[in-house]
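S.K.: sequence unknown, structure follows:
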């Protein structure tokens, strides 16, 4: 009877290993328990193979089980090594950030950033040192400003000459009913400071015009434009090209939005390279004229903020040289390549 059991173990032991592994995965066993059962089945298969009456067959089965055991040890060692590296990677950024001048409350606030391998302590320090200008505190500006503040961007400028109206509140989530009539930049400042007291907010309650645009942009590392006025869009682009500052531009209408990052100083296109001619009056209606789905500015604005965080920290691949178009009605998105035009009237010849 014992001999028959050994034969079964030697012949069906591999299947037994597979069954034990499956049970361990389904029942979520601890690694120690799973390793113990797998080792027991392996040892049983090895011993039963050794005790077979047919010496030639026994030798073959023994070699097979030894090979299986070695493969198992390598796999287990690899898995444990990966887990150790993950634990080490997660712990290291926190230490780096802790020695980088963050207060304890900031470390707790930005912990989810700091444990990200692509951001970590160094990336969070870059966010804290960054100065970002947001043009427009409306539909797109609302999520942009909130997420930049939450992410810990050290200095955030916001320029807008408008005041909060009741019709804004359907989509401009940075404002509240109690702040109707307040200048949008000051309303945004209240919300941003309430969200994160560790940042500096610079509100500019005025229209962006002429040479002031270039002087203002030069004070910042990055500009995000979420206005729905084409004159302002082209003005912001010219100012960014003149100052050598990259621009993240977003636009929305009805159910569709688009985002891109323009950085001609690095050889990429500017906004005018992609949209060289301003649409004729009335050809592209504003949100007030055509309407807009309430969550759409949140979707596109969040993408703009994400691009800003990536640009500042150096994480991932940005939309530089690419234009992302999002159709919310059918939940489709596509990204197309865009190129610099050498004959561009704004950035042509600038490298």
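M.R.: Here it is on my side, so go on. Quantities reported herein were computed from a predicted structural model and do not represent experimental measurements.

S.K.: mind checking the SS state of residue 276?
M.R.: Recorded secondary structure, residue 276: coil (DSSP: H, G, I helix; E, B strand; the rest coil).

S.K.: how near is it to residue 348?
M.R.: Using C-beta to C-beta, to the nearest Å, residue 276 is found at 11 Å from residue 348. C-betas here are computed from N, CA, C, even on glycine.

S.K.: where exactly do the helices run in the stretch 51-200 of the chain?
M.R.: Ranges of helices in the stretch 51-200 of the chain, per DSSP state H, counting those that start in this stretch, are 55-98, 104-109, 111-114, 120-129, 141-151, 184-195.

S.K.: So which elements touch the last one?
M.R.: Right, the one you point to is helix 184-195. Applying 3 or more C-beta pairs under 8 Å, 6 or more residues apart in numbering; DSSP states H and E, we find helix 184-195 packed against helix 141-151, strand 155-159, strand 200-204.

S.K.: Can you tell me which of those is most buried?
M.R.: Mean neighbour count (mean count of other C-beta atoms under 10 Å) peaks for helix 141-151 among those, with a mean of 25.

S.K.: average pLDDT for it?
M.R.: Helix 141-151 shows a mean pLDDT of 98.

S.K.: Show me what that helix is packed up against.
M.R.: Helix 141-151 packs on strand 131-135, strand 155-159, helix 184-195, helix 296-313, going by 3+ C-beta pairs under 8 Å, 6+ apart.

S.K.: how far does stretch 279-296 sit from the chain's center?
M.R.: 28 Å (C-alpha atoms, centre = their mean, to the nearest Å).

S.K.: So what touches it?
M.R.: 139, 167, 170-171, 228-230, 252-257, 328-329 (C-beta atoms under 8 Å, 6 or more residues apart in numbering).

S.K.: Quick check on those: which are buried?
M.R.: With neighbours counted by 16 or more other C-beta atoms under 10 Å, these contain buried members at 139, 171, 228, 230, 252, 253, 256, 257, 328.

S.K.: Take those and keep only those in helices.
M.R.: Among these, the ones falling in helices (DSSP state H) are residue 230.

S.K.: and the two most separated of the buried ones among the contacts of stretch 279-296?
M.R.: Farthest pair in the buried ones among the contacts of stretch 279-296 (C-beta to C-beta) is 230 and 328. Separation: 22.0 Å.

S.K.: tally of neighbours for residue 313?
M.R.: 21 (other C-beta atoms under 10 Å).

S.K.: do residue 129 as well
M.R.: 12.

S.K.: Relative to residue 115, how far out is it?
M.R.: With C-beta to C-beta as the criterion, residue 129 and residue 115 are 20 Å apart.

S.K.: try residue 326
M.R.: 29 Å.

S.K.: show me the contacts for residue 159.
M.R.: 133, 134, 135, 136, 185, 203, 204, 206, 208, 216.

S.K.: go on, residue 270?
M.R.: Neighbours of residue 270 in contact, by C-beta under 8 Å, 6+ apart: 237, 240, 241, 247, 262, 264, 340, 344, 346, 347.
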